[in-house]
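Student: here is my input; please provide its structure:
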Amino acid sequence: MASWLLTLDYLRGHLSHCRRGVLGCDQAHKTEWARVFKALSIGMLPTCGILFALLVGFIAVEIWNSSATFP
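Tutor: Residues are numbered from 1 along each chain as shown. Purely as a prediction, here's the structure:
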């Protein structure tokens, strides 16, 4: 039961973080930094996506292997 609560707490924190990111992007397009932000985000989005996928993949493999060693 505690693991489900931890999972829900993690998801709540993740959604809160995403909401802050969306609000930050919403505020960024109203400032003079909008042109720079758009150019940077277009160039960095594929790289960030690849790094995120690798991170999730390595974490998933580690969890999968460590759960296989428990009796």
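Student: could I get the average pLDDT for the helix or strand W64 falls within?
Tutor: Using DSSP states H and E, W64 maps to helix 34-68. Averaged over helix 34-68, pLDDT sits at 82.
Student: so R20 versus G13, what's the distance?
Tutor: R20 sits 11 Å away from G13, going by C-beta to C-beta, to the nearest Å. Any C-beta I mention is one placed from the backbone N, CA and C, and that applies to glycine too.
Student: tell me the domain ranges of the chain?
Tutor: Residue ranges for the domains of the chain, per automatic domain parsing: 1-30, 33-71.
Student: count of neighbours near K38?
Tutor: Residues lying near K38 (other C-beta atoms under 10 Å) number 13.
Student: cool, and I63?
Tutor: With other C-beta under 10 Å as criterion, I63 counts 10.
Student: quick one: buried residues of the helix holding W64?
Tutor: Using 16 or more other C-beta atoms under 10 Å as the test for burial, helix 34-68 gives no buried residues.
Student: that one packs against which elements?
Tutor: helix 2-28 (3 or more C-beta pairs under 8 Å, 6 or more residues apart in numbering; DSSP states H and E).
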